[in-house]
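Participant: Pasting a predicted model and its sequence here:
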Amino acid sequence: MLTRRDLLTGSAALACSVAVARSYAAGAAVLTAADVHIDGYPTVEAVRWMGRVIDDATQGRLQIRMYHSGQLGRETDTINLARFGALDITRVNVAALNNAFPLTDVLALPYVFDSTAHMRRCLDGVVGRAILQGFEARGLVGLAFYDSGVRCFYNHVRPIVQPADLVGLKIRVPPSDIFVQLVRALGANPTPLSYGEVFSALQTHLIDGAENNWPTFLTSRQFEVARFWAQSEHSFAPEVLLMSQQRFTSLPPRDREVLLDAAARSVPVMRELWDRNEAEARATVEKAGVRVTEVDRKAFGSAAAPVLAEYLKDPQVMRLHRDIRALA
Ligand code: GTR
């Protein structure tokens with residue numbers, strides 16, 4: 001959690017760049033957006049697309065300026081900066097939100113969705129709406145959900161087929177208790193690290209492996225070190241596009257409409273980019289010699305079941321989970 005001091009010191013440079021961005025085009029409001037992914041990644045491109053739509057619809061009155069590649073810091077930091085109004089838009093994974101926003105837990109829990117189509121149905125319906133609205137009580141506006149494929153384990157030690165193959169391995173997890181508990185339940189040692197630290201942690205063997213989706217595995221170059229990919233498909237944890245509520249309410253109502261509409265319309269654009277990107281990423285890393293194993297899905301499901309059961313004790317998570325399963 002960021003303290004007020006961290007915010008004041010650590011965000012001085014950011015505040016400067018935000019100020020510059022806001023005066024970037026005279027008379028235009030420029031929204032600063034952050035993403036940890038590299039230029040060209042589907043989430044970055046979807047927000048850029050939104051920026052073009054907004055620019056057109058407002059004759060340049062409202063614009064988005066994208067800071068990709070983690071230029072504005074870790075995901076957990078950008079969430080707090082947006083809450084405090086020091087950053088306008090941030091695109092993060094639900095894993096970075098789980099601990100502070102428990103309503104998002106259900107989206108990251110293991111083996112909750114059966115497929116990408118199932119997840120999209122849920123995010124497009126009442127489940128997605130309830131979770132996006134939940135951000136309003138905490139200084140944020142939930143603009144949209146984006147795809148993040150399905151997370152699988154990979155490592156540089158050995159192929160994984162059974163949960164027992166993970167025993168003893170040091171596995172990087174995002175800053176979410178769900179992933180810490182899941183990796184522990186599978187017999188491995190969870191090591192929480194921020195996204196920007198994972199590649200060098202793998203390279204220096206500080207960790208043995210991690211878990212993520214195909215495009216991230218490729219663009220972060222983790223595939224160059226971790227040569228064993230296991231198709232565990234343990235979490236569909238999607239991405240969320242969030243806006244500072246302070247900044248949102250400062251905009252004239254007509255611009256708020258334009259923004260919400262552009263965010264909603266960016267979802268199918270992102271999905272198309274995603275589907276293409278995911279297939280290409282997989283083909284590229286397999287061609288580069290990464291060995292893919294199918295896992296014993298039943299054994300993984302059973303080992304992960306106690307983690308899911310623990311979270312389902314929360315009535316709110318239970319209700320959302322019931323709605324998700326009803327759409328399976
Ligand atoms: C990716 C996600 C990033 C980041 C990363 C991680 O799938 O797109 O936003 O959360 O995972 O594991 O840190």
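Facilitator: Yes, it's here. Numbering: from 1, shown residues only.
Participant: Tell me which residues touch Asp147, please.
Facilitator: Contacts for Asp147 (Cβ atoms under 8 Å, 6 or more residues apart in numbering) come out as 42, 116, 119-120, 238-239, 270-271, 274. Using the backbone N, CA and C atoms, a C-beta is placed for each residue, glycine as well.
Participant: let's see it at 10 Å
Facilitator: For Asp147, the contacting residues are 42-43, 46, 116, 119-120, 123, 213, 215, 236, 238-239, 267, 270-271, 273-275, 277-278, by Cβ atoms under 10 Å, 6 or more residues apart in numbering.
Participant: Give me the distance between it and the ligand.
Facilitator: Remark: distance between Asp147 and the ligand (Cβ to the nearest ligand atom, to the nearest Å) = 10 Å.
Participant: Contacts only, for the residue of the stretch 101-250 of the chain at minimum distance from the ligand.
Facilitator: Nearest to the ligand in the stretch 101-250 of the chain, going by Cβ to the nearest ligand atom, is Tyr195, at a distance of 3.4 Å. Tyr195 makes contact with 36-37, 70, 74-75, 92-93, 95-96, 172, 174-175, 210, 212, 216, 220 under the criterion Cβ under 10 Å, 6+ apart.
Participant: same deal with Thr76?
Facilitator: Contact analysis of Thr76 by Cβ under 10 Å, 6+ apart lists 1-2, 92, 96-97, 99-100, 174-176, 194.
Participant: Can you pull up the most central residue in the protein?
Facilitator: The residue lying closest to the centre of the chain (Cα atoms, centre = their mean) is Asn93, at 1.6 Å.
Participant: shouldn't that one be in contact with Tyr146?
Facilitator: Yes. Asn93 is within contact range of Tyr146, at 9.5 Å (criterion: Cβ atoms under 10 Å).
Participant: what residues are shared contacts of these two?
Facilitator: Counting by Cβ under 10 Å, 6+ apart, the shared contacts of Asn93 and Tyr146 are 43, 238-240.
Participant: Of those residues - the most surrounded one?
Facilitator: Val240 (28 neighbours; other Cβ atoms under 10 Å).
Participant: quick one: which helix or strand includes it?
Facilitator: strand 239-244 (DSSP states H and E).
Participant: Beyond that strand, next helix or strand please.
Facilitator: Next along the chain after strand 239-244, taking DSSP H and E as the criterion, comes helix 245-250.
Participant: Only the buried residues of that next one, if you could.
Facilitator: By neighbour count with 16 or more other Cβ atoms under 10 Å, helix 245-250 contains the buried residues 245-248.
Participant: Could you do stretch 298-316 as well?
Facilitator: Neighbour counts over stretch 298-316 (16+ other Cβ under 10 Å) mark 300-301, 303-304, 307-308, 311-312 as buried.
Participant: nearest to Arg61, of those residues?
Facilitator: Taking Cβ to Cβ as the measure, Arg61 sits nearest to Tyr311 out of these, at 43.7 Å.
Participant: Touching, the closest one and Leu107? I think so.
Facilitator: No. Using Cβ under 10 Å, Tyr311 is not in contact with Leu107, being 11.2 Å away.
Participant: Now do the shared contacts for those two.
Facilitator: Common neighbours of Tyr311 and Leu107, using Cβ under 10 Å, 6+ apart, are 98, 178.
Participant: In CSV: the buried residues of stretch 298-316, plus pLDDT.
Facilitator: Shown next, in CSV, are those (pLDDT from 0 to 100):
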residue, pLDDT
Phe300, 98
Gly301, 98
Ala303, 98
Ala304, 98
Val307, 98
Leu308, 98
Tyr311, 98
Leu312, 98
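Participant: ok, and of those, which contact the ligand?
Facilitator: Among these, proximity to the ligand is found for none (Cβ under 6 Å from any ligand atom).
Participant: Export those residues as TSV, with columns for secondary structure.
Facilitator: Output for the buried residues of stretch 298-316, formatted as TSV (DSSP: H, G, I helix; E, B strand; the rest coil):
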residue	secondary structure
Phe300	helix
Gly301	helix
Ala303	helix
Ala304	helix
Val307	helix
Leu308	helix
Tyr311	helix
Leu312	coil
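Participant: quick one: terminal-to-terminal distance for stretch 166-173?
Facilitator: Length of stretch 166-173, first residue to last, Cα to Cα, to the nearest Å: 14 Å.
Participant: likewise stretch 55-67?
Facilitator: 17 Å.
Participant: Just the buried residues of it, please?
Facilitator: Buried, per 16+ other Cβ under 10 Å, within stretch 55-67: 55, 57-58, 61-67.
Participant: isn't Phe248 right up against Ile89?
Facilitator: Yes. With contact defined as Cβ under 10 Å, Phe248 reaches Ile89; the gap is 9.5 Å.
Participant: Cool, thanks, talk later.
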